[in-house]
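Chemist: Predicted model and sequence follow; I will ask about them next.
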Amino acid sequence: MEKQVSEGGIGRCSLGELYDPFSAAATYDIFAQARSEDPETYSAQITLSPATPFTDEVLATLKEGGFASKSEVDLVAEIFYEFPAHILFLILGIPDSDVRKIKQWADNRLFLTFGQLTPAEQLKCAKDMVAYWHYTEALVEQRSTSPGDDYPSQLLKLRDDDDSILTLNEIVSVVFGLLLAGHETTTNASANAFHTLLTHRENWQMICADPGLIPNAVHEALRFKSSVVCWRRKTMKSVEIAGTQIPAGANLLLALGSANRDEDRFDDAHVFDVMRKDANQNISFGYGKHFCVGAPLARLEMEVLLEEMTNRFPEMRLVEDQDIDIIRTIAFRGPTRLLVNLGV
Ligand code: HEM
């Protein structure tokens, strides 16, 4: 397999390189190319295999949370914030005790890339990013001396000490990327889905009555209100889109959320309907060779959350008159808290 090898071993990536979204994306170019040439080795199934199918232990985290004893809970704080991280940690072989620290770093990374921070806040977040990067490096280094059955160990095995296959820096970059992409997205998507379903109560009642509708409800929730509303692209050649000429090499921010509500593509695009036939045609996970590698996992997590919650708390309702505060970034969306009455 031919691929371009980036220079440098572990730890040689400068902070500037890390935070330039387009050069960070270059590592994913290598992976996307590898995936298209050797789909089996780089498949989503292999990537996610350390965590899927879900074990009873993972599912128990949903049952044993302290939330069930309260009537009013913040679903974000009690469930959505940590649940996807626990699963991702199984994939990466990280101890659960680090969840809060990583979530905080991931939040800061989001704000640094897509938010609007003051210079002082930027400095603080940048310092956190260095710690975050060193954490990732140490993780990969540790797996190179004592491998497990996690994804970093799989990548190291694939590399087989050969930079022409993968450099250590590329492996660290991928793990660093997953440490954000693999949970923050799903935390927000789950919160959006519950918020949408509970504000369109007839849809909530439909999935309570017929859990077989849940997989399509997840597609529709992702179409209607995704957690990643914009994504980036660079034009490889000059192109005309809807009468606008875009030159080669232009950096674009694509409004995925808008495309998902395109009236020319979806009938009654602004209506939320768990029965929608083409809900799975949404582009919330992107498109083409960079299509989100975690899409099957994210959907599975959301399905499990909905199955569990509709089964146990069919009378769940949003607490009335609450202010829904949305995380303030241009690309990632989701309520910072979602107060519900469990109806028990
Ligand atoms: C609902 C949750 C999620 C949403 C909305 C989401 C959305 C996206 C989007 C829009 C992209 C860009 C695709 C493109 O450029 O065409 C992407 C890429 C990616 N996502 Fe996700 N994602 C989610 C969950 C996850 C999870 C759970 C993982 C990992 C376990 C993950 C890992 C990745 C990776 C590694 C890429 C880069 C793929 C590449 O560039 O080749 N994502 N995701």
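Modeler: That came through, no problem.
Chemist: ranges for the strands of the protein?
Modeler: For the chain, strands defined by DSSP state E occupy the ranges 72-74, 230-234, 239-241, 244-246, 251-255, 317-318, 339-341.
Chemist: Please convert those strands to JSON lines, extending it with distance to the ligand, mean neighbour count and mean pLDDT.
Modeler: C-beta here means a position set from N, CA and C on the backbone, and glycine is covered the same way. Below are the strands of the chain laid out as JSON lines (distance: least, C-beta to the nearest ligand atom, whole Å; neighbours: other C-beta atoms under 10 Å; pLDDT from 0 to 100):
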{"stretch": "strand 72-74", "distance to the ligand": "20", "mean neighbour count": "18", "mean pLDDT": "92"}
{"stretch": "strand 230-234", "distance to the ligand": "4", "mean neighbour count": "16", "mean pLDDT": "92"}
{"stretch": "strand 239-241", "distance to the ligand": "16", "mean neighbour count": "10", "mean pLDDT": "93"}
{"stretch": "strand 244-246", "distance to the ligand": "17", "mean neighbour count": "9", "mean pLDDT": "95"}
{"stretch": "strand 251-255", "distance to the ligand": "9", "mean neighbour count": "13", "mean pLDDT": "94"}
{"stretch": "strand 317-318", "distance to the ligand": "21", "mean neighbour count": "16", "mean pLDDT": "96"}
{"stretch": "strand 339-341", "distance to the ligand": "20", "mean neighbour count": "19", "mean pLDDT": "96"}
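Chemist: List phi and psi for Asp325.
Modeler: phi -100, psi 130 (degrees, to the nearest 10).
Chemist: Tell me the confidence at it?
Modeler: pLDDT, Asp325: 94.
Chemist: Kindly tell me how buried it is, as a neighbour count.
Modeler: Other residues lying near Asp325 total 9 when counted by other C-beta atoms under 10 Å.
Chemist: Next up, the contacts around it.
Modeler: By C-beta atoms under 8 Å, 6 or more residues apart in numbering, Asp325 lies in contact with 335-337.
Chemist: CSV please, covering these and showing distance to Ser144.
Modeler: Converted to CSV, the contacts of Asp325 look like this (distance: C-beta to C-beta, whole Å):
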residue, distance to Ser144
Pro335, 40
Thr336, 38
Arg337, 40
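Chemist: Spell out which parts of the stretch 201-344 of the chain neighbour the ligand.
Modeler: 226-228, 231, 284-288, 290-294, 297-298 (C-beta under 6 Å from any ligand atom).
Chemist: which stretches of the stretch 51-200 of the chain have low pLDDT?
Modeler: 51-53, 61-66 (pLDDT under 70).
Chemist: Which positions in it make contact with the ligand?
Modeler: Near the ligand, when you scan the stretch 51-200 of the chain using C-beta under 6 Å from any ligand atom, you find 88, 177-178, 181-182, 185-186, 189.
Chemist: okay, among those, which ones form the most distant pair?
Modeler: Gly177 and Ala189 (17.5 Å; C-beta to C-beta).
Chemist: what's around Lys70, how many residues?
Modeler: Count around Lys70 with other C-beta under 10 Å applied: 12.
Chemist: cool, Glu57 as well?
Modeler: Glu57 has 9 nearby residues by other C-beta under 10 Å.
Chemist: Equivalent analysis for Glu307, please.
Modeler: The burial count for Glu307: 15, using other C-beta under 10 Å.
Chemist: Mark which of the contacts of Asp325 are part of helices, please.
Modeler: Among these, DSSP state H puts none in helices.
Chemist: Please identify which of the residues you listed is nearest to the ligand.
Modeler: Pro335 (14.5 Å; C-beta to the nearest ligand atom).
Chemist: Surely that closest one and Ala193 touch.
Modeler: No - counting by C-beta atoms under 8 Å, Pro335 sits too far from Ala193 to count as a contact (11.0 Å).
Chemist: re the thing from before, can you flag which of the residues of the stretch 201-344 of the chain next to the ligand belong to helices?
Modeler: 297-298.
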